[in-house]
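> Okay, here's the prediction I keep looking at, along with the sequence it came from:
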Amino acid sequence: MKRILLTTLLLSSCIIIYAQKTISGTILDGDSGEGLPGVTVQIKGTTSGTSTDLNGSFSILASAEDVLVVSYVGYITQEIIVGNRTTIDVTLASDSELLEEVVVVGYGTQDKKEITSATVSIDEESFNRGPINDPRQLLQGKVAGLTVVNRGGDPNSNATIRVRGISTIGANTQPLVVIDGVIGSSLDNVDPNDIENISVLKDGSAAAIYGSRGSNGVILVTTKSGKGVKSGSRVDYNGQFSVSTIQRQIEVLSAADFREFGNDLGSSTDWYDEVTRDAFTQIHNVSLSGNSGKSNYRFSVNFRDVNGILENSGFDQINTRANYSTRAIQDKLKLSVNLALTNRESNFSFNEALRYATVYNPTAPVFGINANVGNAADYVQFGDYFEAALFDNFNPRSIIDQNTNIGEKKTLNYDVSAIYSFTDNISATATFAQQNISEYNGEYYGNTAFFRGVNRNGLARRFAKDDNFTLFEGFATYANTFSDLNLSITAGYSWQESSFSEFLIEAGDFAADEEGLNFIENSRDQLSATPQRVTIESAGSPDERIIAFFGRANFVFQDRIYLNASVRREGSSRFGPGNEYGTFPSLGIGVDIDKFVDLPLNTLKLRGGYGITGSLPSEANLFLTAREFNDDLTTTSILRVGNPDLKWEEKAEINVGIDFVSDRLNGSIDAYTRDVKDFILPVTVDAATAGFDGTQFQNVGEVQTQGIEVNLNYDLVKNTDLDYSTGIVFSSYKTTLEEFIIDEETRANLGAPGQNDTELIRVAVGEEIGQIWGPVFTGQVDDRGQPIFADLNGDGQILSNQDAALNPNGDFQQLGKGIPDFELGWTHQVSYKNWDLNAFFRGAFGHSLVNTFRAFYEPRIPGQAGYNSLDTELSIADLTTARYGSYYVEKADFVKLDNVTLAYNFDMSSSDVFSNVRMSFNVLNAFTITDYTGVDPEPSLTDVGTTDNGGRAEFLVNPDVLSPGIDRRNNYFTARTFTLGLNVTFK
């Protein structure tokens, strides 16, 4: 019996082996016709399979009844019956259409049609062009509801980003950044040339999966990888060469005009020329990328030598980024590694030089030896530079030449992730990441520098800070299809730990400038009878942790009804016992109307979403009582009264939207209402209520924002040689203060000289945020040269201080608003044969700005004949007193051609070296149309406070978000930039 069974098995095996035959062939790319390496060729329903070699060739044993499944990332999978063939060649078509419909969302991706939230995805083709140094500016004007502002264009400052207006008052206002799935990553560590796609999660239902980190919106960045390379390896080079010139500057009196009323010092100096320049910039990006099917990689090096129009301003930066991804265990395991390092060396220069170039006497010389007052010996104490020695008045050229303001910043990110597919329906993802940021800033003011230095015999200032962040996240996903239902469920865990340490040292009195620059420990302030002149400050945090559990479920019914729900339970060590955890749910629903009703549209989807997010305190342990040392360094006093009931801020948002697509027109419209409450703010308390007199952090206040956003795109012309498409993004919102610490107040001091008790902004419960406040100028001047203000309440007297602002019978009113009524972006894309043209217009309307330069320096004050005066079209010759009023609040509506690029793509079909060569010419800030007389009509969304006489801004680190609309005097001037670009891809 055993022999019979064995004989039967052997015969069966022989039959099977005989029935199988060797199938060979080549898998080709449908576009290039070249062989594709690493393509998976598998017998359907079995684990038997193989991969193509470097030439795209394969060989496999199969029978006539078998079906070969040919699959490759980025291409449409094909199934082929073997039949009686022994050679099978397959051409794979690119799956670009499908790829374009996939959008990156929190902890995964979704088909675009299934998204029920306000989520926008922007690819590289739609980014702003030209020498973009800040990744944030790639999106400026491109996304409705996303405001990106960098007033003046200082190359060393980052743009301010707002998603749908104010989302918090006392905490961080910037959106969460997620780079390649790693939350909390620094945008400063990714070069704009390395970015492939950016998704913006604007509403609460999209951002709730990120909990407290997503309260200000979420920006998801996907960097370039080697998977886009069809076979083998590829080298790309991008180079840009730019020159920048001043686009706008403040109109002031010339030396000839100044002599008619001012102090004539015998020279004619254009102070703007002395401190500005034509600035040259070069940017180089080289990348090596490759793809072998199962593995892909990309390595890039980016070098930026950026110079600003202000003398001595700019930075040198080198950035490297590497990523590698591979598949193993029969393609069930995907391993990915990412590494990025950025080193930036900055010369910040001094924006104050631009401020004083505006108001410095144009008849003053640069050097004292050329002055018609005093003699050369009088100016030795100032390093031979001329100084008028007036209040808040410094030689601009001396500021640049005699002082140093430099910095260095190093940022390192790395992450490792693994995705394992247990079955076709179940997968698990784990990610570990770390980020380390180290920055150092050094300032030195020479012992003969009148600006901050001479009165201290040299002044040195050093600041250093280290930030560390560690992340571990793991989540599992189950996806399946049941008849008319597609289901996807994700559940996961997140662990985050962060810490920082910083210190500041400021000391003066050095024997030589070289000591102050390099050896701050040689400061003779330490020997002074007043050693408190040496400033030593330090701060740090414990290891702060966020722990979260999250889940999400996506349902698709009959490919026409979409339901998305998520919840995140998150705990933070910044809160006290009993208040550590918060719960942040969301729900979204969408319906394809076109699949129920016959419409002249390809797609018409109605969607709605609701979500709750939260915000953390600005720092740890605000719930605890804090004490500080007194000057004797022995005794202490109460710094802050503890509040054990301190809890999470909370933001709830409802969004309703509609998406539509036709043959040529597509777009979306969103309307939303956002309520943010329980801000974590310092409140003054007394012993009767808190046991101590002092400050206590409490949950107070509420704001409501309502807005609408529109996005439209239209293909005007589409034929063989010519394509022309245009797109418009429109956004408008209004934020109302529903509750606050007090019912009404004015804030934002105008400052010195002479207007320290003048406050510019009114905040009132039940009213819109951003009210510019003050007396109304009648247009008349009295015989003393003072402005005549309107008697608004008819009581026969004009109150000239801000106490009148809160008096219901006073003579103050709203003079403008700091937040625009609406913002607009308008894109034009034209391609004709090998040419393409991209032009982008942007505008903001309805906002005003307090022109503080005019408020101080436009009146020609007899006692201030040593200062120059503004000479704008609004100047009034008889006005000789500086008093703030409506006259200095200007409408700042503008339209600008923000970015225009003309490019030519060379035909490289016959080249053995190049596969693509493209040359381009770009202009940034080509022109601006506005009636605003200041440097930059862009909205000023926050206020850093006033500065004077060499001081520092009060709110430079934490700007005041309740005081928009003030154009302060320390802004960088705007530039127009011309760029030649070269893009080369080598074969």
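Happy to help now that I have it.

> Which neighbouring residues are in contact with Glu570, exactly?
Neighbouring residues of Glu570 by CB atoms under 8 Å, 6 or more residues apart in numbering: 211-212, 546-548, 581-584, 614. C-betas here are computed from N, CA, C, even on glycine.

> Show me what the nearest residue to Val710 once chain neighbours are set aside bridges to in the sheet.
Once flanking residues are discounted, Val710 sits nearest to Phe730: 4.2 Å by CB to CB, 6 or more residues apart in numbering. Phe730 forms beta bridges with Val710, Leu824, as assigned by DSSP bridges.

> ok, Asp305 touching Asp316?
Yes - shown here, Asp305 and Asp316 form a contact pair, counting by CB atoms under 8 Å, at 5.5 Å.

> From Leu138, how far out is the residue nearest to Val710?
Remark: distance between Phe730 and Leu138 (CB to CB, to the nearest Å) = 20 Å.

> Same check on Asp401?
36 Å.

> phi, psi of the residue minimising distance to the centre of the chain?
By CA atoms, centre = their mean, the mean C-alpha position of the chain lies nearest to Arg136, the distance being 3.7 Å. Main-chain torsions, Arg136, degrees, to the nearest 10: phi -60, psi -30.

> Where does pLDDT dip in the stretch 101-250 of the chain?
Applying pLDDT under 70 to the stretch 101-250 of the chain flags residues 101, 230-231.

> how many neighbours does the residue nearest to Val710 have?
17 (other CB atoms under 10 Å).

> which residues in the stretch 601-750 of the chain form strands?
Remark: strands assigned in the stretch 601-750 of the chain by DSSP state E, counting those that start in this stretch are 603-615, 626-629, 636-640, 649-661, 665-685, 694-718, 722-739, 744-751.

> out of these, deepest packed?
strand 603-615 (a mean of 23; mean count of other CB atoms under 10 Å).

> Give me the average confidence score over that one.
Computed over strand 603-615, the mean pLDDT rounds to 93.

> by contact count, what packs against that strand?
Where contact means 3 or more CB pairs under 8 Å, 6 or more residues apart in numbering; DSSP states H and E, strand 603-615 is packed against helix 204-207, strand 561-572, strand 581-592, strand 649-661.

> Sheet-wise, list the partners of that strand with their directions.
Counting by DSSP bridges, strand 603-615 is paired with strand 581-592 (antiparallel), strand 649-661 (antiparallel).

> closest one to Ser126 among these?
strand 649-661 (16.7 Å; CB to CB).

> then that closest one to CSV, C-alphas only?
Once non-C-alpha atoms are left out, strand 649-661 reads as follows in CSV (Å, rounded to 0.1, in the frame of the first residue of the first chain):
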residue,chain,number,x,y,z
GLU,A,649,-7.6,75.6,26.1
GLU,A,650,-10.3,74.2,23.8
LYS,A,651,-11.2,75.0,20.2
ALA,A,652,-14.4,73.7,18.6
GLU,A,653,-15.0,74.2,14.9
ILE,A,654,-17.8,73.5,12.4
ASN,A,655,-17.0,73.5,8.7
VAL,A,656,-19.4,73.1,5.8
GLY,A,657,-18.0,72.8,2.2
ILE,A,658,-18.8,71.9,-1.3
ASP,A,659,-16.5,70.5,-4.0
PHE,A,660,-17.2,70.5,-7.7
VAL,A,661,-15.5,69.3,-10.9
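
> so how far is that strand off the chain centroid?
22 Å (CA atoms, centre = their mean, to the nearest Å).

> Also stretch 225-244?
24 Å.

> returning to that earlier point: could you dump the strands of the stretch 601-750 of the chain to JSON lines with distance to Asp123?
Formatted as JSON lines, the strands of the stretch 601-750 of the chain follow (distance: least, CB to CB, whole Å):
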{"stretch": "strand 603-615", "distance to Asp123": "19"}
{"stretch": "strand 626-629", "distance to Asp123": "48"}
{"stretch": "strand 636-640", "distance to Asp123": "48"}
{"stretch": "strand 649-661", "distance to Asp123": "17"}
{"stretch": "strand 665-685", "distance to Asp123": "15"}
{"stretch": "strand 694-718", "distance to Asp123": "13"}
{"stretch": "strand 722-739", "distance to Asp123": "13"}
{"stretch": "strand 744-751", "distance to Asp123": "40"}
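
> quick one: which of those is nearest Ile561?
Judging the strands of the stretch 601-750 of the chain by CB to CB, what sits closest to Ile561 is strand 603-615, at 10.3 Å.

> Okay then, goodbye and thanks.
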